[in-house]
Structure formats: C-alpha cells, structure tokens
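With the sequence up front, the predicted model follows.
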Amino acid sequence: MASSRSNGRPEPEVIASFLDGHSYSKGKLEEASRVLRLDKPYPKPPKAPLSTFKAEDIELIAQEFEMARAQAEKILSEANGELAKALNTLVILP
C-alpha cells in the first residue's frame, strides 16, 4: 500500500529492505534492467580456435587411446603436429 509523502508523491514500492537501511524500489530496478538489456547487444562468445592438425590424426589418437578430442589435440601440439612422435609419447612410459 502506497502512502503519501510530504511532497505529494507516493512512496515507491520497495522490493527488499536490508538491515543496513538500504532498499531497492521496483521502478528503479526495472529501469536499470531495461537499460542493460536494450542498450547493449549481447556479446558473442569467442569461437574456439580452429585446429591446425589433421582431423584424422586427432580422431586416431582420441579413438585408439579413448580420450577427449581436446586432450588429443594437446598431445599433438606437444609433439609439434607429428603423429608418430605423439603416438610414441603415449605408448612409451616416461
């Protein structure tokens, strides 16, 4: 229920009152959210960089060693893209 103030304007609807004395009015909150949503377009998520390795090499490592594609790409990058070197590092124990 809105009560009148001394200046004649009604009291704003309060959504939440906090123990430290701060409160948020519905009108101000709606205006702020409208400004945030309408003024700026949503940023596009960055695209994942395309792999510089052959898809067949990545698939071979991922399937034969039962690992994720990202992990297979990491192993290939550590081997400088050389499939034989990547396979040797996976097979030979350190």
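Thanks, I have the structure now.

Check which helices and strands the longest helix along the chain sits against.
With secondary structure taken from DSSP state H, the chain has its longest helix at helix 26-39. Packing contacts for helix 26-39, counted by 3 or more C-beta pairs under 8 Å, 6 or more residues apart in numbering; DSSP states H and E, involve strand 14-17. From N, CA and C alone the C-beta is placed, and that goes for glycine too.

tell me the mean pLDDT over the strand it packs on?
Strand 14-17 carries an average pLDDT of 63.

Geometrically speaking, which residue is the centre of this structure?
Centroid-nearest residue in the chain, with C-alpha atoms, centre = their mean: residue 45, separated by 7.6 Å.

so how far is the helix or strand where residue 70 lies from its chain's centroid?
Under the criterion of DSSP states H and E, residue 70 resides in helix 69-78. Distance of helix 69-78 from its chain centroid, counting by C-alpha atoms, centre = their mean, to the nearest Å, is 22 Å.

Next: stretch 84-94.
34 Å.

Show me which residues of that stretch are buried.
86-87 (16 or more other C-beta atoms under 10 Å).

got a list of contacts for the following helix or strand past the helix holding residue 70?
Per DSSP H and E, helix 69-78 leads on to helix 83-91 as the next helix or strand towards the C-terminus. Contacts to helix 83-91, defined as C-beta atoms under 8 Å, 6 or more residues apart in numbering, come from residues 54, 57, 60-61, 65, 75-76, 78-79.

now with 10 Å?
53-54, 56-58, 60-61, 64-65, 67, 72, 74-80, 82 (C-beta atoms under 10 Å, 6 or more residues apart in numbering).
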